[in-house]
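K.L.:
coordinates only, sequence not included:
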Ligand SMILES: [Cu+2]
């Protein structure tokens, strides 16, 4: 009796483990298939706010469109909030005539990628920028300046330095061309109805040739993916207004996970640091820097840590169309100020590849 029950028990354990072994084998086959072709996964590309996270296969091309929006609201000096009243207070610490209060920058960005071979992907980015800045004067008058037009066109390449089944190590390099205007003018409360040169935050380009080197590492696992990227923007010369924008450095890392068919979410952190302006815009009145902080070359530097949440979606029925959205919220900012702080940014994008 005892022996029989032992026998039955071991039989059932045996059958159970056979079943689970089969399940294991099946799931291994499925995950191997998933590993071989992850292009159906939303997270087969990085979050839409990251540029140059992936290379393409030989002969493949991709067209993309991004709408990016950034809202700035209120000023910081270091990490401390500074009110407009403090900025324009004649007997206060700053004593400016004008305070910048809000700024919105939106951008339409067209992108193209083409891979002549599996290791090299060429890329081109053409931005169209729209900016608006609200100000208040010491007398309490409010006015808005605006500028719009093409920004600095970037062309470059991604080169795959190393790769495994699951990972890619990519060298990024692009060049930024001074196609964006640095001659944007508008009427201000102090210009007696005349168009005058606007400070650099309202200009559409750097006016200089800049190089943007970087390095990107991505890993795709069966149920998630992650990546990291470091990039710098280095200005090579001085523009024809006798100034050079500060260099920039950025590091970002993300984690992404498919959560339904064709969908993935992502969580990303990004740290960015940028320098002051070298020189002073020769077209900007010499007095401007004493009237408004945005014109002061030494009040442009800063650093910021952002947290971003995103969603990627592959349009069903096609493996080549992707919609993506990412919202970015700064959690730490330290600015040479008074300088406008970033409140919220988002990117909405569409990518089509063939
Ligand atoms: Cu691409």
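P.N.:
Now that the structure is in, tell me what you want to look at. Bear in mind the structure is a predicted one, so any value in this text is a computation, not a measurement. Numbers count the residues shown, from 1 in each chain.

K.L.:
show me what contacts the closest residue to the ion within the chain?
P.N.:
Nearest residue of the chain to the ion, counting by CB to the ion: residue 62, 3.6 Å away. Where C-beta positions appear, they are placed from N, C-alpha and C, glycine not excepted. Contact partners of residue 62, counting by CB atoms under 8 Å, 6 or more residues apart in numbering, are 56, 111, 112, 113, 114, 351, 352, 353, 354.

K.L.:
Do a quick rundown of the helices in the chain.
P.N.:
Counting by DSSP state H, the chain has these helices, from start to end: 2-36, 84-88, 288-291.

K.L.:
between those helices, which gets the lowest average pLDDT?
P.N.:
Here the lowest mean pLDDT among these goes to helix 2-36, at a mean of 43.

K.L.:
Run through the residues of the protein sitting next to the ion.
P.N.:
62, 113 (CB under 5 Å from the ion).

K.L.:
could you redo the last one with a cut-off of 8 Å?
P.N.:
Residues of the chain found near the ion (CB under 8 Å from the ion) are 45, 54, 55, 56, 62, 64, 111, 113, 121, 123, 351, 353.

K.L.:
I'd like to check which residues are in contact with the first one.
P.N.:
What it means is residue 45. Taking CB under 8 Å, 6+ apart, we find residue 45 in contact with 53, 54, 312, 322, 324, 351.

K.L.:
Just the buried residues from the residues of the chain next to the ion, in PyMOL please.
P.N.:
Isolation of the buried members of these (16 or more other CB atoms under 10 Å) is achieved in PyMOL through the command below:
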select buried, resi 45+54+55+56+62+64+111+113+121+123+351+353
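
K.L.:
pLDDT and distance to residue 279 added to the residues of the chain next to the ion, as JSON lines?
P.N.:
Formatted as JSON lines, the residues of the chain next to the ion follow (pLDDT from 0 to 100; distance: CB to CB, whole Å):
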{"residue": "45", "pLDDT": "91", "distance to residue 279": "39"}
{"residue": "54", "pLDDT": "94", "distance to residue 279": "38"}
{"residue": "55", "pLDDT": "95", "distance to residue 279": "38"}
{"residue": "56", "pLDDT": "94", "distance to residue 279": "40"}
{"residue": "62", "pLDDT": "94", "distance to residue 279": "38"}
{"residue": "64", "pLDDT": "96", "distance to residue 279": "35"}
{"residue": "111", "pLDDT": "97", "distance to residue 279": "31"}
{"residue": "113", "pLDDT": "97", "distance to residue 279": "35"}
{"residue": "121", "pLDDT": "98", "distance to residue 279": "36"}
{"residue": "123", "pLDDT": "97", "distance to residue 279": "31"}
{"residue": "351", "pLDDT": "94", "distance to residue 279": "38"}
{"residue": "353", "pLDDT": "89", "distance to residue 279": "42"}
